[in-house]
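1. got a predicted model here, sequence first, then my questions.
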Amino acid sequence: MPILDIRSATWADLSAIVAMLADDMRGQAREDASLPLDLAYEKAFEVVSADPNQLLVVALIKSEIVGTLQITFIPGLSYKGAWIGQIEAVRIASKLRGLGHGSELIRWAVDACRDRGCHLVQLSSNAERVDSHRFYSKLGFAQSHLGFKLAL
């Protein structure tokens with residue numbers, strides 16, 4: 001029986017989402033959850049919300065936001081023109097980690113990708129996030145590629 005209520009994020013959810021992005025070892029260095037929020041977050045939310053290939057969701061327990069993630073649906077020519085679901089920015093409130101909510105949220109995201117006709121689901125995780133790697137492996141994700149990034 002699902003514990004989380006998962007729905008598309010709304011404007012009113014933005015500060016809670018940013019707070020969760022900042023509440024983590026990597027996010028503390030790159031996010032700013034102080035209020036009022038930086039205008040860049042508001043602009044990004046508008047762009048994501050307007051794009052039909054983006055799905056930003058929040059997970060709630062008794063109307064309290066306790067999780068978030070974003071799915072990007074990527075069209076492509078590979079795999080005979082198949083779609084790919086890219087899961088990013090997965091967060092569960094720190095006080096609730098380890099209770100199974102992350103697994104429920106990821107399973108929901110995989111189902112959303114399947115419902116959208118995706119051929120596969122992928123995600124990336126920073127090399128330092130060893131606990132996250134174990135988490136994703138337990139959910140059936142295979143560590144199959146090396147990732148490369150170029151900061152601009």
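-> That came through fine. Numbering: from 1, shown residues only.

2. can we go C-alpha only for contacts and neighbour counts from here?
-> OK.

3. ok, and what's touching the helix or strand harbouring residue 86?
-> For residue 86, the element it lies in under DSSP states H and E is strand 83-92. For strand 83-92, the external contacting residues (Cα atoms under 8 Å, 6 or more residues apart in numbering) are 20-21, 66-76, 101-102, 109, 113, 117-124.

4. what residues sit buried inside the next helix or strand after that strand?
-> Next along the chain after strand 83-92, taking DSSP H and E as the criterion, comes helix 101-115. Within helix 101-115, the residues that qualify as buried are 101, 102, 104, 105, 106, 109, 110, 113, 114, counting by 16 or more other Cα atoms under 10 Å.

5. just stretch 11-19 next, same as before
-> In stretch 11-19, counting by 16+ other Cα under 10 Å, buried: 14, 15, 16, 17, 18, 19.

6. C-terminal to the helix or strand of the chain with the lowest mean pLDDT, what's the next element?
-> Across the helices and strands of the chain, mean pLDDT, DSSP states H and E gives its lowest value to helix 27-30, namely a mean of 78. Per DSSP H and E, the first helix or strand lying C-terminal to helix 27-30 is helix 39-50.

7. and that following helix, how far out from the chain middle?
-> Averaging C-alpha positions (Cα atoms, centre = their mean, to the nearest Å) puts helix 39-50 15 Å from its chain's average.

8. does residue 38 touch residue 32 like I think?
-> Yes - using Cα atoms under 8 Å, residue 38 makes contact with residue 32 at a distance of 7.5 Å.
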